[in-house]
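Engineer: return atomic coordinates for the entry below.
(one chain, ligands or ions: 2)
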Amino acid sequence: MSKLFRAVILGPPGSGKGTISERVANSFGLKHLSSGDFLRENIAAKTEAGVLAKTYIEKGALVPDHVMTRLMLSRLEEMTRHSWLLDGFPRTLAQAKVLNSAFELDVVISLNIPLETLKERLRHRWIHPASGRVYNMCFNPPRVQGVDDISGEPLIQHEDDRPEALVARLRHYKDVAKPVIDLYRAKGILHMFSDTETDRIWPYISSLLSTKIPTDLGDAQRVRTH
Ligand SMILES: Nc1nc2c(ncn2[C@@H]2O[C@H](COP(=O)(O)OP(=O)(O)OP(=O)(O)O)[C@@H](O)[C@H]2O)c(=O)[nH]1
Ligand SMILES: Nc1ccn([C@@H]2O[C@H](COP(=O)(O)O)[C@@H](O)[C@H]2O)c(=O)n1
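Structural biologist: Ligands and ions are numbered 1, 2, ... in the order given. As a prediction, this is how the structure comes out:
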């Protein structure tokens with residue numbers, strides 16, 4: 001079986017991880033695994049992990065490591081035949097160590113976006129909960145304000161995008177992310193990208209992945225997300 005490709009994208013809330021992950025999934029056929037979306041699915045399904053996670057997310061806090069690693073590792077065990085891009089996990093050094101003990105990563109992308117840009121982006125972020133489709137009134141607005149382009153259902157804003165929860169998330173991110181970034185830099189697989197616009201970062205990420213993803217990534221491992 002040809003080699004699998006496994007990557008992680010790191011970045012603070014609003015940095016464009018989901019936006020870029022969707023482009024990677026569509027361009028390279030990797031499965032995009034969003035830990036945030038997976039948590040929200042568990043919250044909507046009122047699973048034990050979801051009920052617990054909700055109490056942390058609504059305060060802009062991080063879900064405990066043991067809950068996240070159990071959730072994500074069991075999800076990844078279902079994906080052992082696929083190449084994937086993990087979005088939003090690992091968030092902490094403890095999570096990274098558990099992930100690294102289970103899987104060998106090929107690339108870690110880290111987004112470094114100015115604070116004011118993050119705040120502005122999240123102020124204008126709207127989500128279609130059922131599909132996870134993400135809009136932005138300034139960047140990729142829906143055809144009709146407040147309505148999902150495909151389903152016609154109403155859009156919402158994430159509770160933890162509220163300014164007060166966002167401050168907690170942003171403040172916490174820096175401290176928690178640094179050891180994770182240092183770990184992957186030491187492994188020689190970290191690639192950092194800084195800008196205020198995703199459309200300016202994307203060509204560099206795309207060309208990096210074009211050199212790293214095996215050309216013989218079999219169809220069985222390519223999972224089209226749309
Ligand atoms: N103005 C602007 N908005 C952008 C850009 N890139 C992404 N966005 C929007 O900014 C918001 C955040 O982007 P996401 O891709 O959801 O960011 P994220 O890192 O996944 O965020 P979290 O889920 O909070 O971790 C969304 O509304 C995007 O549509 C950009 O270059 N410019
Ligand atoms: N490893 C993680 C990932 C996410 N969370 C919590 O979920 C919220 C939403 O995640 P996004 O990736 O969509 O921003 C996030 O703010 C955290 O509260 C987590 O705790 N650990």
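
Engineer: next, I109: secondary structure please.
Structural biologist: Under DSSP: H, G, I helix; E, B strand; the rest coil, I109 falls in the strand class.

Engineer: ok, now which ones touch M192?
Structural biologist: M192 makes contacts with 110-112, 181, as judged by CB atoms under 8 Å, 6 or more residues apart in numbering. For every residue, glycine as well, the C-beta is placed using N, CA and C.

Engineer: which positions in whatever helix or strand it lives in come out as buried?
Structural biologist: According to DSSP states H and E, M192 maps onto strand 190-194. Within strand 190-194, the residues that qualify as buried are 190-191, 193, counting by 16 or more other CB atoms under 10 Å.

Engineer: only the buried residues of the helix or strand following that strand, if you could.
Structural biologist: Using DSSP H and E, the helix or strand that follows strand 190-194 in sequence is helix 198-212. Judged by neighbour count using 16+ other CB under 10 Å, the buried positions of helix 198-212 are 198, 201-202, 205, 209.

Engineer: likewise stretch 21-35?
Structural biologist: In stretch 21-35, counting by 16+ other CB under 10 Å, buried: 21-25, 28-35.

Engineer: mean confidence for that stretch?
Structural biologist: Mean per-residue pLDDT for stretch 21-35: 95.

Engineer: now do stretch 188-196
Structural biologist: For stretch 188-196, mean pLDDT rounds to 98.

Engineer: just the terminal-to-terminal distance for it.
Structural biologist: 25 Å (CA to CA, to the nearest Å).

Engineer: and stretch 31-45, how far from the chain's centre?
Structural biologist: Centroid separation for stretch 31-45 versus its chain: 10 Å, with CA atoms, centre = their mean, to the nearest Å.

Engineer: is any residue of it near ligand 2?
Structural biologist: Yes: using CB under 6 Å from any ligand atom, stretch 31-45 reaches ligand 2 at 35-36, 39.

Engineer: now stretch 104-122
Structural biologist: No: under the criterion of CB under 6 Å from any ligand atom, ligand 2 is not reached by stretch 104-122; the shortest gap measures 9.6 Å.

Engineer: so who does the residue in the chain positioned nearest to ligand 2 touch?
Structural biologist: For the chain, the residue closest to ligand 2 is G36, as judged by CB to the nearest ligand atom, at 2.1 Å. Going by CB under 8 Å, 6+ apart, G36 touches 18, 87-88.

Engineer: at 6 Å instead, please
Structural biologist: Shown in contact with G36 (CB atoms under 6 Å, 6 or more residues apart in numbering): G88.

Engineer: report the buried residues of the helix or strand harbouring it.
Structural biologist: Using DSSP H and E, G36 sits in helix 35-44. Burial within helix 35-44, assessed by neighbour count using 16+ other CB under 10 Å, is assigned to 35-40, 42-43.

Engineer: and the residues you listed as CSV, adding distance to P129?
Structural biologist: CSV is the format used below for the buried residues of helix 35-44 (distance: CB to CB, whole Å):
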residue, distance to P129
S35, 16
G36, 12
D37, 10
F38, 14
L39, 13
R40, 7
N42, 13
I43, 10
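
Engineer: measure the closest residue to R75 other than its chain neighbours to A177 for me?
Structural biologist: Counting by CB to CB, 6 or more residues apart in numbering, R75 lies nearest to F38, which is 6.3 Å off, once chain neighbours are set aside. Distance, F38 to A177, using CB to CB, to the nearest Å: 19 Å.

Engineer: try E116
Structural biologist: Applying CB to CB, the value for E116 to A177 is 18 Å.

Engineer: so which of the two has more stuff around it?
Structural biologist: With neighbours defined as other CB atoms under 10 Å, E116 and A177 compare such that A177 has more, 18 against 9.
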